[in-house]
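Novice: have a look at this fold, sequence not included:
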Ligand SMILES: O=C(O)CNC(=O)c1n[nH]c2ccccc2c1=O
Ligand SMILES: [Fe+2]
């Protein structure tokens, strides 16, 4: 009969197969209930704890000095923290990183055009509400090596009224796809020009963890 390991490997294989087929077909794909609610809530509590411990940076400030006056204008409203998973009180975030690594390794076996070697640290991002957003952009417009973006959302009970939807323009089409940043949803998409995307203005605190995978 099947051992636990066989079942686990089959599960990863099944999900990797679905991810690769879907990425090939539409350039993005998401998996709901990725870790299960208990683990998802544990990751959320670790992220909130990072926030309380002031581990997040502020969104980047640029001075837009039209006539020499140093007006500080925000170009981005996200607050971020880079986590390598060894920090204290980040054990479940670390488990998330390991799990996505395994999924991507299975995907790697099925994707021959890429040979995914490594990833960035985890970028924990917080949009603090009050209409904070992220303008339309491409994650990797100039071949910096990143091939897959993974975004893990941590927002229980999120609804479209709260804004903060991820708007994706797959294949650069003007037909936008709107993704709800709901708890325990893992979104993956090609990081290059195939996927311009933006974060609509958020009216509540919105958390996500990004891992970028390199070819
Ligand atoms: O949160 C989302 O749904 C999408 N989020 C993004 O596309 C996104 N993309 N690139 C970044 C670079 C630096 C800091 C934050 C970000 C960022 O939230
Ligand atoms: Fe992005």
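Specialist: On my side now, so go ahead. Bear in mind that the values here come from a model prediction, so they are computed numbers and not experimental data. Ligands and ions are numbered 1, 2, ... in the order given.
Novice: would you list every one of the strands in this structure?
Specialist: Using DSSP state E, the strands of the chain run over 28-31, 61-63, 72-74, 79-83, 118-119, 122-127, 132-137, 146-153, 166-168, 177-179, 185-190, 197-202, 206-214.
Novice: would you reformat these as CSV and include distance to residue 42, mean neighbour count and mean pLDDT?
Specialist: (Each C-beta comes from the backbone N, C-alpha and C, glycine too.) Compiled in CSV, the strands of the chain are given as follows (distance: least, CB to CB, whole Å; neighbours: other CB atoms under 10 Å; pLDDT from 0 to 100):
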stretch, distance to residue 42, mean neighbour count, mean pLDDT
strand 28-31, 18, 19, 98
strand 61-63, 33, 10, 46
strand 72-74, 32, 11, 53
strand 79-83, 15, 18, 94
strand 118-119, 21, 14, 90
strand 122-127, 14, 23, 96
strand 132-137, 25, 15, 92
strand 146-153, 13, 23, 97
strand 166-168, 23, 19, 97
strand 177-179, 23, 15, 98
strand 185-190, 16, 23, 98
strand 197-202, 23, 20, 96
strand 206-214, 13, 21, 97
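Novice: which residues touch the residue most central in space within the chain?
Specialist: Geometric centre of the chain, nearest residue: residue 151, 1.6 Å, by CA atoms, centre = their mean. Residue 151 makes contact with 166, 181, 186, 187, 188, 208, 209, 210, according to CB atoms under 8 Å, 6 or more residues apart in numbering.
Novice: hmm, try it at 6 Å
Specialist: Residue 151 sits next to 187, 208, 210 when contact means CB atoms under 6 Å, 6 or more residues apart in numbering.
Novice: one more: residue 82?
Specialist: Contacts of residue 82 by CB under 6 Å, 6+ apart are 121, 123.
Novice: who is it paired with across the strands?
Specialist: In this structure, residue 82 bridges to residue 123 when assessed by DSSP bridges.
Novice: for ligand 1, what's the nearest residue on the protein?
Specialist: residue 166 (3.7 Å; CB to the nearest ligand atom).
Novice: pretty sure that residue is touching residue 179, no?
Specialist: Yes. With contacts counted by CB atoms under 6 Å, residue 166 reaches residue 179, the gap being 4.2 Å.
Novice: now stretch 19-38: buried residues?
Specialist: 19, 20, 23, 27, 28, 29, 30, 31, 34, 35 (16 or more other CB atoms under 10 Å).
Novice: dump these to JSON lines, plus distance to residue 10.
Specialist: As requested, the buried residues of stretch 19-38 are exported to JSON lines (distance: CB to CB, whole Å):
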{"residue": "19", "distance to residue 10": "15"}
{"residue": "20", "distance to residue 10": "16"}
{"residue": "23", "distance to residue 10": "20"}
{"residue": "27", "distance to residue 10": "26"}
{"residue": "28", "distance to residue 10": "25"}
{"residue": "29", "distance to residue 10": "19"}
{"residue": "30", "distance to residue 10": "21"}
{"residue": "31", "distance to residue 10": "16"}
{"residue": "34", "distance to residue 10": "17"}
{"residue": "35", "distance to residue 10": "18"}
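Novice: run through who's touching the lengthiest helix in the chain.
Specialist: Counting by DSSP state H, the longest helix found in the chain is helix 4-26. Helix 4-26 is contacted by residues 29, 102, 106, 107, 110, 111, 170 when judged by CB under 6 Å, 6+ apart.
Novice: max pairwise distance over the residues you listed: which two?
Specialist: Across the contacts of helix 4-26, the longest distance by CB to CB is 25.7 Å; it joins 102 and 170.
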